[in-house]
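Trainee: Fold the stuff below for me.
(2 chains)
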Amino acid sequence: MKTAAIKSIKTEKAAEPKLNKKKKDFSPANIVMWVMLVALAVIQIFPLV
Amino acid sequence: MRKAYSNKAVIASLVLPGIFMFVFAILAPICLSIYYGFTNFSGIGSFEMVGLANYKELFHDEAFWVSLRNSFFLAVGFICIQHPLAIVTAAVLDRLGRRAEGFFRCVYFLPNVISVAVIAYLWKFIYNPSFGLLNNIIKAFGGAGEVNWLGSGSAIWSVLVVLIWHGFGWGMLIYYTGIKNIDPTLYEAAAIDGATDRVMFFRITLPQMKPVIQVNVTLAIISALKQMETVYLLTNGGPGNETQFMANYLYKQAFSSFRYGYGNAISVVFIVVCILATQILNRVFREKKEVGA
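Mentor: Alright, predicted model coming up:
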């Protein structure tokens, strides 16, 4: 009984990180956001390089 | 401790150094400026009182009005281009993870770390019509690449780009710290109610940021009005007076043309314009507060 309970806790813990892992967001809004951030970064850094 | 603070000698010893500094570093120069504004002092030798002659000349001086117009043009550029971009970027940065957030924050602030003199000379090279980076990029894409970026017509826009680029990081950082201070429970409650990111930005972030926006916009307008170093090193007001700004024109008149009295008259008008602009801004934000309340 005890070992079964420990086993179930272990399996739950092992499953946790997978559940918490964020899925990568490829929505158009997110892509636009990243493009804007990178473009701004290039504009800010390019004249200094 | 309470007793010490009620002692007039202690109060005076704490307050007097500040008052002394204010009187000799701020009030006295302003009073002297007002006084010299009524003289024909060249900066060296004797001078005479000329009454309102400097101010009369100032109101008929085309270069002064051009410089004032350019200062307001820059202020509008800051408010309409730099600040909306900075708010949106700060809001987006706030949503990113630790590493990306730190990296972009750093990159955006980088131009602010570099000296104004270096920035001005750097952009002078970038804008150079014969070997400048911009024209070379245009050439690489098949264009003629013979644009005179600091020539007549385009110079004011080129200066605007440099100033917006240089000040962007600073504005963004102030907005970013403002956004970080917003209570996260507001966003959580909105998310539970099914609010989208856009709704949260317009209904939570912007209203909560009103005091920060007020301070930042006021600082931007004052910075636009007292713009001097970058313009002085980049174009020195040229071609002609196309990129002349108030502070630069003041300096030019007082120290290059040796018209110290006239320069002081400009500085007095400059102070009045700054106070008026700040008062108008305060009123605009106060009215909005009352409507929102």
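
Trainee: Up against chain A, what does the stretch 101-250 of chain B have?
Mentor: B:104, B:107-108, B:110-111, B:114, B:122-123, B:126, B:133, B:165, B:168-169, B:197 (Cβ under 8 Å from any Cβ of the partner chain). From N, CA and C alone the C-beta is placed, and that goes for glycine too.

Trainee: In stretch B:151-165, which residues are buried?
Mentor: B:Ala155, B:Ile156, B:Ser158, B:Val159, B:Leu160, B:Val161, B:Val162, B:Leu163, B:Ile164, B:Trp165 (16 or more other Cβ atoms under 10 Å in any protein chain shown).

Trainee: again, but for stretch B:138-148
Mentor: Residues B:Gly145, B:Val147, B:Asn148 are the ones in stretch B:138-148 that count as buried (16+ other Cβ under 10 Å).

Trainee: gap between the closest residue to chain B within chain A and B:Val161?
Mentor: Nearest to chain B, among the residues of chain A, is A:Ala41, at 4.6 Å (Cβ to the nearest Cβ). A:Ala41 is 17 Å from B:Val161, where distance means Cβ to Cβ, to the nearest Å.

Trainee: need the contact list for B:Ala220.
Mentor: Contacts for B:Ala220 (Cβ atoms under 8 Å, 6 or more residues apart in numbering or on different chains) come out as B:Ala75, B:Phe78, B:Ile79, B:Gln82, B:His83, B:Gly167, B:Gly171.

Trainee: should've said B:Asn54
Mentor: B:Gly37, B:Phe38, B:Asn40, B:Gly261, B:Tyr262, B:Asn264, B:Ala265.

Trainee: just the helices in the stretch 51-200 of chain B please.
Mentor: Secondary structure of the stretch 51-200 of chain B by DSSP state H, counting those that start in this stretch: the helices cover B:53-59, B:62-77, B:83-95, B:98-113, B:116-126, B:133-140, B:155-180, B:184-192, B:197-200.

Trainee: So which of those is nearest B:Leu225?
Mentor: Minimum separation from B:Leu225 across the helices of the stretch 51-200 of chain B (Cβ to Cβ) falls at helix B:62-77, 5.0 Å.

Trainee: which residues sit against that closest one?
Mentor: The contact list for helix B:62-77 (Cβ under 8 Å, 6+ apart) reads B:58, B:156, B:159-160, B:163-164, B:220-221, B:224-225, B:227, B:237, B:241-246, B:248-249, B:266, B:273, B:277.

Trainee: what residue ranges in chain A score low on pLDDT?
Mentor: Along chain A, the model assigns pLDDT under 70 to residues A:1-23.

Trainee: Return the residues of it in contact with chain B.
Mentor: A:Ala29, A:Met33, A:Met36, A:Leu37, A:Leu40, A:Ala41, A:Ile43, A:Gln44, A:Ile45, A:Pro47, A:Leu48.

Trainee: how near is B:Trp123 to B:Gly194?
Mentor: Taking Cβ to Cβ, one finds B:Trp123 at 47 Å from B:Gly194.

Trainee: what does A:Gln44 give?
Mentor: For A:Gln44, the distance to B:Gly194 (Cβ to Cβ) stands at 36 Å.
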